[in-house]
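Colleague: My questions are about this predicted structure, shown below with the sequence.
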Amino acid sequence: MSIRSELSKAWRILTDPAYRAFRADYKAFRAAHGRGTPDSFTGLMPGDVVLDIGGYHGDWAEAMAARYAVKAHIFEPHPRFAKMIEDRFAVRDDVVAHGFAIGRTDGELLLSDDENASSAFVTDGPSAKGIVREVAAVFDELGLERIAVAKINIEGGEYDLLPALIEAGLIERFDRVTVQFHKFSEGDRARRDAIRIDLAKTHDCVWCYPFIWEEWHRQGLGV
């Protein structure tokens, strides 16, 4: 990291209370769950279905299949990453790659091309086109009746997907939801709050580090 970036970070720590709070939350998250995407869950059984929504390279799905012997479905709309995942798991039956996003309606996504931060909500720099498919149709097609865990890290797409799941009643099929909300503007705080209010009707938040990671369990799950 450059001296300039270190000085910029130090200045933000001194002058920005929200940034200081975020850093404190991030340190607390790392102490409790480690550096990466949470992948430790109680009560999973071999053959359970998990969803890796925002798969990037498929590492989370690979870790879940290895640790718990579950079946993982990966959803990744970025064409370059989708091809990498498809090739990586081509001979596997326990990890299935899907080269599209899931959301409220069918459509196209114009994605920034920024590795694991690629997003439909960032317009600067190189871009790539991806596909989004209507989530209820995909669930019917794949026969997804119960999801033991869903990891959702889709760079702003959560503000479309989660309301779609809630409104369609599909959220009740999810035992656990581990989601990273993203803040691209101040309006995203209100959007996150509204989703959390609706999600709390069916799920309990078991831990939360705002705009880092949070985990929800279906009410009555008992794990």
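Modeller: Yes, it's here.

Colleague: Now do the strands in the chain.
Modeller: 49-53, 71-75, 95-98, 101-103, 107-112, 127-134, 149-152, 176-179, 203-209, 213-218 (DSSP state E).

Colleague: Need the ones you listed in CSV (columns: mean pLDDT and distance to residue 88).
Modeller: (Glycine included, C-beta is placed from N, CA and C.) Converted to CSV, the strands of the chain look like this (pLDDT from 0 to 100; distance: least, Cβ to Cβ, whole Å):
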stretch, mean pLDDT, distance to residue 88
strand 49-53, 98, 12
strand 71-75, 98, 9
strand 95-98, 97, 8
strand 101-103, 97, 19
strand 107-112, 86, 20
strand 127-134, 91, 18
strand 149-152, 98, 17
strand 176-179, 98, 22
strand 203-209, 97, 30
strand 213-218, 98, 24
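
Colleague: any idea how far residue 145 lies from residue 39?
Modeller: Look at residue 145 and residue 39: by Cβ to Cβ, to the nearest Å, they are 23 Å apart.

Colleague: The strands of the chain: which one's closest to residue 29?
Modeller: Of all the strands of the chain, strand 203-209 sits nearest to residue 29, with 4.1 Å by Cβ to Cβ.

Colleague: Residues contacting that closest one, please?
Modeller: Residues outside strand 203-209 that contact it (Cβ atoms under 8 Å, 6 or more residues apart in numbering): 25-26, 28-29, 32, 171, 174, 177, 196, 199, 214-219.

Colleague: try 7 Å
Modeller: Residues from elsewhere that reach strand 203-209 (Cβ atoms under 7 Å, 6 or more residues apart in numbering): 25, 26, 28, 29, 177, 214, 215, 216, 217, 218, 219.

Colleague: What strands line up against that strand, and which way round?
Modeller: When sheet partners are counted by DSSP bridges, strand 203-209 sits next to strand 213-218 (antiparallel).

Colleague: Only alpha carbons, please: show the strand it pairs with as CSV.
Modeller: Output in CSV follows, covering the C-alpha atoms of strand 213-218 (Å, rounded to 0.1, in the frame of the first residue of the first chain):
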residue,chain,number,x,y,z
TRP,A,213,-21.7,-9.7,6.3
GLU,A,214,-24.8,-10.7,8.1
GLU,A,215,-26.5,-14.1,8.7
TRP,A,216,-30.2,-14.9,9.0
HIS,A,217,-31.8,-18.2,10.0
ARG,A,218,-35.4,-19.2,9.2
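
Colleague: show me where pLDDT drops low in the chain?
Modeller: 1-16, 113-126 (pLDDT under 70).

Colleague: In the lengthiest helix in it, which residues are buried?
Modeller: Scanning the chain for the longest helix, with DSSP state H as the assignment, gives helix 17-33. Residues 22, 25, 29, 33 are the ones in helix 17-33 that count as buried (16 or more other Cβ atoms under 10 Å).

Colleague: what's the distance between residue 218 and residue 164?
Modeller: Counting by Cβ to Cβ, the gap from residue 218 to residue 164 is 18 Å.

Colleague: and if you look at residue 17?
Modeller: In terms of Cβ to Cβ, residue 17 sits 34 Å off from residue 164.

Colleague: likewise residue 186?
Modeller: 23 Å.

Colleague: Tell me which of those two has more neighbours.
Modeller: residue 164 (17 against 7; other Cβ atoms under 10 Å).

Colleague: on that earlier part again, turn the strands of the chain into a markdown table, including mean neighbour count and distance to residue 191.
Modeller: As requested, the strands of the chain are exported to a markdown table (neighbours: other Cβ atoms under 10 Å; distance: least, Cβ to Cβ, whole Å):
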| stretch | mean neighbour count | distance to residue 191 |
| --- | --- | --- |
| strand 49-53 | 25 | 18 |
| strand 71-75 | 24 | 21 |
| strand 95-98 | 22 | 26 |
| strand 101-103 | 26 | 15 |
| strand 107-112 | 16 | 18 |
| strand 127-134 | 17 | 18 |
| strand 149-152 | 25 | 14 |
| strand 176-179 | 24 | 13 |
| strand 203-209 | 16 | 16 |
| strand 213-218 | 21 | 14 |
